[in-house]
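> sequence and predicted model, in that order:
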Number of protein chains: 2
Amino acid sequence: MIYELYYWPGIQGRGEFVRLALEEAGADYVDVARLPEEDGMGVPALMKLLDDASDDRPPFAPPFLQAGDLVIGQTANILQFLGPRLGLAPSDDAGRLWAHQLQLTIADVVDEVHDTHHPVGSGLYYADQKPEAARRAADFTQNRLPKFLGYFERVLERNRGDTGRAVGDALSYVDLSLFQLVAGLRYAFPNTTARVESTIPRLTDLYARVAARPNIATYLASPRRLPFNEYGIFRHYPELDS
Amino acid sequence: MIYELYYWPGIQGRGEFVRLALEEAGADYVDVARLPEEDGMGVPALMKLLDDASDDRPPFAPPFLQAGDLVIGQTANILQFLGPRLGLAPSDDAGRLWAHQLQLTIADVVDEVHDTHHPVGSGLYYADQKPEAARRAADFTQNRLPKFLGYFERVLERNRGDTGRAVGDALSYVDLSLFQLVAGLRYAFPNTTARVESTIPRLTDLYARVAARPNIATYLASPRRLPFNEYGIFRHYPELDS
């Protein structure tokens, strides 16, 4: 199976959570919108699928994944689909529900990160909503960021056997996504995250262990890993950190 | 199986999407936090489970559902779990993935509705963020609401056979959630929603057909159905409608 990932080129964004799973598993995949238009790829290929009037199950927005005849949208749903196929999900139903629940909570904090720089509207520029962003980011850094990271630390701590994994004793896509969450928060809110990190030793340890995994380390050092920038979800605007 | 639903009393909120599925199916369930404290229920019972330090899979926030030994959080995850058990999900894997994808997209618009009155912080009052709310709501009513409803209309239109259902030809939890979405938007943004409704005939028809289902009609007329109010997610602030 060759998976086709469709996501906006130029940013890590929500697509990155899917990329990390595909990379860790060494899966065959094509990052469609980042390939040349002259080869039938690029953003036109993404838009074609997004606007395909003959598609009876159209996705609302990228990322979406083509796997054979299936087109699957919503990041957490894609990971739920890929997890068992890539060996990155628990084998039991209860474990899979729990992994998905954690992934949806990661999606919630990612949404909130997005809204720190876009509290008024995703169609406007940051420059058009700076006062609102300052208030939203203050609430996020003071209240929400510590609350979410404290929650994930608790999840790691309570996982039976304290295995250093989010779910059970094997690596799952949730661990990879927690790595990405910490990476993004360190980039976007370095001061706030540094202050909070002393209280989340298991999460920072998980970050380091994921980063050191051979396939992930290779990926992070490759041109396939886009740098963080001020077009994605995790943006570093110093005035929003504290 | 007696399901125990945990959600804040006094508001429909995200719990309502779960309630509608349980009610349609005629399931045995207990709405824990709405029952008397002297019977060991009420908000203390909810807080006890939320703060239970011995729970190795703690939910981040309500709603969560206790089903036997399982405690399941995240609204869409609860519905994914309940759907097959209540006869409210497709029988094939691809259909279930698609239903869940739609539910996650409904969750996205619900989040955006929440942020129309709470664009700065969920811990603050609306009165403390009115200017920001005015801008956010303007973007939501002009751009996001029509975009989301147009998407769901397209989903209904393209569903093979134009069955009047979101997925396949049988009622699913997605139909019930689309009913709730339309109900909430009509309450919160009556002017905007009325303007958009002429462009979404299938969605308004689905709304009417769900409302007329015997179990749903009985539920809606019962005291179990809380009224919309200005503490929930769908709030009617006339200044935010347009």
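Ah, there it is. Keep in mind the model is a prediction, meaning the values are calculated, not measured.
> can we go C-alpha only for contacts and neighbour counts from here?
Noted.
> so how far is chain B from the nearest residue in space to A:P190 that is not next to it in sequence?
Nearest residue to A:P190, sequence neighbours excluded (Cα to Cα, 6 or more residues apart in numbering or on different chains): A:D241, at 7.2 Å. Noted for A:D241: a distance of 15 Å to chain B, by Cα to the nearest Cα, to the nearest Å.
> can stretch A:59-68 be said to contact chain B?
Yes - Stretch A:59-68 is in contact with chain B by Cα under 8 Å from any Cα of the partner chain, via A:F60.
> try stretch A:11-24
No - judged by Cα under 8 Å from any Cα, stretch A:11-24 and chain B are separated, with a smallest distance of 13.9 Å.
> mean confidence (pLDDT) on that stretch, please.
For stretch A:11-24, mean pLDDT rounds to 98.
> buried residues in that stretch?
Buried positions in stretch A:11-24, judged by neighbour count with 16 or more other Cα atoms under 10 Å in any protein chain shown: A:11-24.
> tell me the one of the residues you listed nearest B:H114?
Here the nearest of the buried residues of stretch A:11-24 to B:H114, counting by Cα to Cα, is A:R14; it sits at 21.4 Å.
> the closest one reaches A:P63, doesn't it?
Yes - because the distance of 6.7 Å satisfies Cα atoms under 8 Å, A:R14 is recorded as touching A:P63.
> the nearest residue to A:G73 once chain neighbours are set aside and chain B, how far apart?
Of all residues not flanking A:G73 in the chain, A:F64 sits nearest, at 4.3 Å (Cα to Cα, 6+ apart). Relative to chain B, A:F64 is positioned 10 Å away (Cα to the nearest Cα).
> got it, and A:P223?
31 Å.
> again, but for A:G42
24 Å.
> contacting residues around the nearest residue to that residue once chain neighbours are set aside?
Of all residues not flanking A:G42 in the chain, A:A33 sits nearest, at 3.7 Å (Cα to Cα, 6+ apart). For A:A33, the contacting residues are A:6-9, A:41-46, by Cα atoms under 8 Å, 6 or more residues apart in numbering or on different chains.
> which phi and psi values does A:A33 adopt?
phi -70, psi -10 (degrees, to the nearest 10).
> the longest helix along chain A vs helix B:93-117, what angle?
When chain A is parsed with DSSP state H, its longest helix is helix A:93-117. Relative orientation of helix A:93-117 versus helix B:93-117 (axes from the mean of the first three to the mean of the last three Cα atoms, to 10 degrees): 30 degrees.
> domain ranges for chain A?
Using automatic domain parsing, the domain ranges for chain A come out as A:3-85, A:93-213.
> give the rounded mean pLDDT of the last one.
Per-residue confidence for domain A:93-213 averages out to 97 on the pLDDT scale.
> now do it: distance from first to last residue.
This stretch, domain A:93-213, spans 27 Å end to end (Cα to Cα, to the nearest Å).
> for the shortest one, same thing?
Taking Cα to Cα, domain A:3-85 runs 11 Å from one end to the other.
> show me which residues of chain A sit near chain B.
Checking chain A against chain B by Cα under 8 Å from any Cα, the hits are A:54-58, A:60, A:70, A:72-74, A:77, A:81, A:94, A:97-98, A:100-101, A:104-105, A:119-121, A:132-133, A:135-136, A:139-140, A:151, A:155, A:158-160.
> select only the buried ones of those residues in PyMOL?
Applied in PyMOL, the following selects the buried portion of those according to 16+ other Cα under 10 Å:
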select buried, chain A and resi 57+58+60+72+73+74+77+81+97+98+100+101+104+105+119+120+121+132+133+135+136+139+140+151+155+158+159+160
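> just the residues of chain A next to chain B: which are in strands?
A:70, A:72-73 (DSSP state E).
> can you tell me which of those is closest to chain B?
Lowest distance from chain B to those (Cα to the nearest Cα) belongs to A:G73, with 6.2 Å.
> correct me, but the closest one touches A:P63?
Yes - the criterion here is Cα under 8 Å, and A:G73 meets it with A:P63 at 6.3 Å.
> tell me where chain A has helices.
Using DSSP H, helices in chain A cover A:15-24, A:42-50, A:75-85, A:93-117, A:130-139, A:145-158, A:173-188, A:190-197, A:201-211, A:214-220.
> for B:S172, which of those helices is the nearest?
Among the helices of chain A, helix A:75-85 comes nearest to B:S172, with 17.8 Å by Cα to Cα.
> in contact with the residue nearest to the spatial centre of chain A, which residues?
Centroid check for chain A by Cα atoms, centre = their mean gives A:F17 as the closest residue, at 3.5 Å. For A:F17, the contact set (Cα under 8 Å, 6+ apart) comprises A:75, A:176-177, A:180.
> 10 Å instead?
Neighbouring residues of A:F17 by Cα atoms under 10 Å, 6 or more residues apart in numbering or on different chains: A:63, A:75-76, A:78-79, A:103, A:107, A:173-174, A:176-181.
> wait, A:Q180 sits on A:Y207?
Yes - counting by Cα atoms under 10 Å, A:Q180 does reach A:Y207; the two are 8.0 Å apart.
> mind listing the shared neighbours of A:R14 and A:P63?
By Cα under 10 Å, 6+ apart, the residues touching both A:R14 and A:P63 are A:7-8, A:74-75.
> okay if I get the residues you listed as a markdown table plus distance to A:I200 and pLDDT?
Formatted as a markdown table, the shared contacts of A:R14 and A:P63 follow (distance: Cα to Cα, whole Å; pLDDT from 0 to 100):
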| residue | distance to A:I200 | pLDDT |
| --- | --- | --- |
| A:Y7 | 31 | 98 |
| A:W8 | 32 | 97 |
| A:Q74 | 28 | 98 |
| A:T75 | 25 | 98 |
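> which of those lies closest to chain B?
Nearest member of the shared contacts of A:R14 and A:P63 to chain B, counting by Cα to the nearest Cα, is A:Q74, at 6.0 Å.
> that closest one contacts A:Y7, doesn't it?
No - with contacts counted by Cα under 10 Å, A:Q74 stays clear of A:Y7, the gap being 11.3 Å.
> enumerate every residue touching A:L79.
For A:L79, the contact set (Cα under 10 Å, 6+ apart) comprises A:17-19, A:21-22, A:65, A:72-73, A:85-86, A:88-89, A:99-100, A:103, A:172-174, A:177.
> for A:A76, same thing?
Neighbours of A:A76 in contact, by Cα under 10 Å, 6+ apart: A:14, A:17-18, A:82, A:99-107, A:173-174, B:101, B:104.
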